[in-house]
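J.: Have a look; sequence and predicted model below, questions after that.
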Amino acid sequence: MFAYAVRRTIGSVPTLFALTAITFIMMRIAPGGPFSGNRRITQDALANIERAYHLDEPLWLQFARYMWGVLHFDFGPSMTYRDYTVSELIRAGFPTSLEVGMWAMLLATLTGIALGIAGALRRNQPVDYIAGALAMTGLAIPIFVIGPVLQLFFGLQLGWLPLTDWPGDLAHKIMPVVTLALPNIAYVSRLMRGSMIETVRTNYVRTARAKGIGEWRTIVRHAFKGAILPVVAYLGPATAVTITGSIVVEQIFQIPGIGRYFVTGANNRDYPLMLGVTLFYGAIVIFANLLTDLARGLLDPKVSYE
Amino acid sequence: MSDAAAAPADAVVAPRVGLSPFRASLRRFTANHLAVVSSFVLLFIAFACFVSPFFFPFGADDADFDNLSAPIDLLSAHLFGTDDLGRDLLLRVLVSGRVSLALGFFGAVVSVFISVLYGATAGYLGGRIDDLMMRSVDILLSVPFIFLAIVVNVMLGKNNTSLFIAVVVTLWLTPAVIARGQAVSLRNREFIEAARAGGMTSFQIILRHIAPNSVNVVIVYSSLLVLETILTESFLSFLGLGVQPPAASWGTLIAEGAQKIETDPRVLLLPGAFLAAVLFCLNYITDGLRDAFDPNER
């Protein structure tokens, strides 16, 4: 398994390289540059700035320079947040993004599993219908609608939760975390319900029941282990969903994470910032997928690493 | 609920002889009431967006200065009232819906088209070309799709065409993998061999035999593609990267409404409700289509 992990890690290098290359090239084809905004600036000054950032060099040289920096964990200077390097910006914003993201993932997994099991064991009963309706809501209503609607009701109408001025305390985290978790709650509960329904029909669960260990222990000790596998396999894609969601959630709730850098980077043609965030998040998604596959191998004896 | 709904349909279909697979699938679909109702609701919303604005006595961007921020009054000219600039809320949502719905529909059609051609080519040719083509798809699939969409959108400039391309670029990947799988299984069938023996070129075979026979496996996912196109478009527009003012889509209206929740929640809730309704319908239709048409589900 260690060999497999090493092989997968090495295999992710070309993926990350291709990702960087595609983003780099597409950003450069884009019309306009980081310094061609509305500000009045003399041609000489513009040329000076572009020289300082090596933007006057041929594209391949810029790309080589960038990749060389990346190998040293240097993602270059930001072109809109003056005096900051991209690494500094990521280091400043990532803990916040990670915290909100992790809570959302945890909430989504636990709630999703609980709802899924409840739905599967009480099939076609009120619990199942409520869980199903909740899942459909999470699937159908996009988070950029749910977020503001939550703000409207719990922040403005009821006044229970604060709206702005993020200091990172619990009260400020509740709405963003719930918003970010909802789509994954929906997916996880659907997966869990389906696989639990299938698992309780299998022979080994019947055997466990026949032993007379009781329904609760049969489900928790035996059926659960088999039924959880599709959920574990989904954790990699769930990470991607959470990261995608964090871009809007950070915007809606004014959270100082790195999701918003992506949008400002795109709008301002801040090449290094956008490349840095893409590469960073790309690496996280690939890493999450690797962890997911390893976890599947640990839990499921049928999975083998060729 | 879907399996419960599908069961009586099978009972109806089974004893009959000579029912074509398509008719049988159609019957299974129409037995799924939720999916049928969703289809009608979706058609109704589309009709409201594309046709009904012609019957309003004013335009979507016309300001009615006598009725600024008019309240909801179903008996007045402005059914759902007006915003702070005097624009009719309902009409504005309906007209914006045109962008979202049209993009969703054409985005899905083009995605299906590209993915089937790509998947059929890779699957039929096989070998190195297949490896190369599918490896690139894998790389693109491993990136969170929104990154790709934003980069493409920025690259081509902020307009509706670039938005369309950005959405399609990210959505053709999964159906391409599905179509390729179908093409691989078709490659060694007798009728393909016959075509080859008859002297057709690979290009002709892909176009005339492989691609048409791979479409059916992808078509089941088409309503999901419409859903994802609309979702991606509104996501980008919400972030200010998609549809640009003065044009508007549901995404831009929702972004506008999110800014105004303290003064006028209707600006958020009305487009949000329309978008959610469309996505609900598409979800149920997708479920219905899959239960009815997917050969693996039977």
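T.: Perfect, thanks for sending it.

J.: Report whether residue B:61 is found in a strand, as I expect.
T.: No: Residue B:61: not assigned to a strand; according to DSSP: H, G, I helix; E, B strand; the rest coil it is coil.

J.: That one and residue B:43, how far apart?
T.: Distance of residue B:61 to residue B:43, given as Cβ to Cβ, to the nearest Å: 27 Å. For every residue, glycine as well, the C-beta is placed using N, CA and C.

J.: cool, residue B:118 as well?
T.: Taking Cβ to Cβ as the measure, residue B:118 falls 31 Å from residue B:43.

J.: State the helix or strand in which the nearest residue to residue A:132 once chain neighbours are set aside lies.
T.: Nearest in space to residue A:132, with sequence neighbours left out and distances taken as Cβ to Cβ, 6 or more residues apart in numbering or on different chains, is residue A:119 at 6.4 Å. Using DSSP states H and E, residue A:119 maps to helix A:86-121.

J.: Contacts only, for residue B:25.
T.: Residues in contact with residue B:25 (Cβ atoms under 8 Å, 6 or more residues apart in numbering or on different chains) are B:292-293.

J.: Tally up the residues packed near residue A:19, please.
T.: Counted with other Cβ atoms under 10 Å in any protein chain shown, the neighbours of residue A:19 add up to 25.

J.: now residue A:82
T.: Using other Cβ under 10 Å: residue A:82 sits among 7 other residues.

J.: got it, and residue A:200?
T.: Counted with other Cβ under 10 Å, the neighbours of residue A:200 add up to 20.

J.: With residue A:6 instead?
T.: Neighbours of residue A:6 (other Cβ under 10 Å): 10.

J.: Check it and give its pLDDT.
T.: We have a pLDDT of 84 for residue A:6.

J.: cool, the one 10 residues further on as well?
T.: The per-residue pLDDT reported for residue A:16 equals 81.

J.: now for the helix holding residue A:119, which elements pack on it?
T.: Judged by 3 or more Cβ pairs under 8 Å, 6 or more residues apart in numbering or on different chains; DSSP states H and E, the packing partners of helix A:86-121 are helix A:126-140, helix A:170-199, helix A:224-227, helix A:229-252, helix A:259-268, helix A:271-299.

J.: per-stretch mean pLDDT over those, give me the minimum one.
T.: Least confident of these, judged by mean pLDDT, is helix A:259-268 with a mean of 79.

J.: which residues are in contact with that one?
T.: Contacts of helix A:259-268 (Cβ under 8 Å, 6+ apart): A:34, A:37, A:79-80, A:89-90, A:93, A:97, A:243, A:246-251, A:270, A:273-274, A:277-278, A:281, B:147, B:150-151, B:153-154, B:239-241.

J.: Now restrict those residues to buried residues only.
T.: A:34, A:79-80, A:89-90, A:93, A:97, A:243, A:246-251, A:270, A:273-274, A:277-278, A:281, B:147, B:150-151, B:153-154, B:239-241 (16 or more other Cβ atoms under 10 Å in any protein chain shown).

J.: What residues does the stretch 51-200 of chain B have near chain A?
T.: B:136, B:138-139, B:142-147, B:150-157 (Cβ under 8 Å from any Cβ of the partner chain).

J.: In helices, which of these fall?
T.: Among these, the members found in helices (DSSP state H) are B:136, B:138-139, B:145-147, B:150-155.

J.: Pick the one among the residues you listed closest to residue A:158.
T.: Closest approach between these and residue A:158, by Cβ to Cβ: residue B:146, at 31.7 Å.
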